[in-house]
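Chemist: pasting the sequence and the predicted coordinates here, then a few questions.
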Amino acid sequence: MDLPVAPPAFDATTGPRQRSRADLGADIGAGCGLVFLELIALVVIFWLWFLSGFNLDPGRTVTSDSLWGYLAAAGGVGVLAVVAAAIAARAGAVVTVVTQVVMATLTCVIVLGGAATQSHQDQRCRDIPSATGCNSDDRTATTPGHRRSGGLGSQPSAKDQVTSGSEVKRREPVS
C-alpha cells in the first residue's frame, strides 16, 4: 500500500540561507570546559599575587608585588576568551559564545578594577612615600637620577669607586 507523501512545507537545511549549528551537547561541554579553565587561570594568577605579599615571619613586614604584571596576565585570559567567542560564533556554538562573552566581561571588570586600585596605590606612594604598603624599592626606582642596585646597568662605572659591600661612592673629578 502506497500512501501519498506530501513535500515538506519548509526545509531550512537547503538553499541560500542554510544554517549549521554545533551539536548542543558539545557546545555546552566546550562552554563549561573553557569557563572552568579560565577561572582556574584567574585564580592561579591572583593566588600568585597574594603569595607575593605573604610571609609567616612576624618580625618582617612584607608588601605584595605591584598588580600591573598580574593584570596583564589576567588581560591575556580575557583576550583568549574573546578569541574563543569569535571562533565559537563562527562555528555556531551559541552556548560557548555566551559563556565566553560573560568571561571576557568578568575579566574586563577585574582588570579595570585592579588597574584603578593599583593606580590609586601608586599615586599614594608617590605623594606619601612612607605610607603603609609602599615599598622602599618602589620609591627609589621612581626617584629621578637614582638607580636600583642589581640588574642590568648596575655595575659601577669608571667614575665610581667600590668601598665596602654594595656601597658605591662617587669619585670627585680631579681639577
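Modeler: In hand now; what should we look at?

Chemist: so how far is G75 from A41?
Modeler: Per C-beta to C-beta, to the nearest Å, A41 is found 12 Å from G75. To be clear about C-beta, it is placed using only N, CA and C from the backbone, and glycine gets the same treatment.

Chemist: same question, A115
Modeler: Distance from A115 to G75, counting by C-beta to C-beta: 9 Å.

Chemist: with neighbour numbers in mind, choose between the two.
Modeler: The residue with more neighbours, out of A115 and G75, is G75; 17 against 14, by other C-beta atoms under 10 Å.

Chemist: for the more buried one, which three-state class applies?
Modeler: Under DSSP: H, G, I helix; E, B strand; the rest coil, G75 falls in the helix class.

Chemist: you'd agree it is up against I110?
Modeler: No: counting by C-beta atoms under 8 Å, G75 sits too far from I110 to count as a contact (9.1 Å).

Chemist: between the two, what contacts are shared?
Modeler: Listed as contacting both G75 and I110 by C-beta atoms under 8 Å, 6 or more residues apart in numbering is no residue at all.

Chemist: same question for the longest helix anywhere in the chain, mean pLDDT?
Modeler: Longest helix of the chain, by residue count under DSSP state H: helix 94-127. The pLDDT scores in helix 94-127 average 94.

Chemist: so for it, what gets flagged as buried?
Modeler: Residues 95-97, 99-101, 103-104, 106-107, 110-111, 114, 121-122, 125 are the ones in helix 94-127 that count as buried (16 or more other C-beta atoms under 10 Å).

Chemist: tell me which two in the residues you listed are the farthest apart.
Modeler: V95 and C125 (44.8 Å; C-beta to C-beta).
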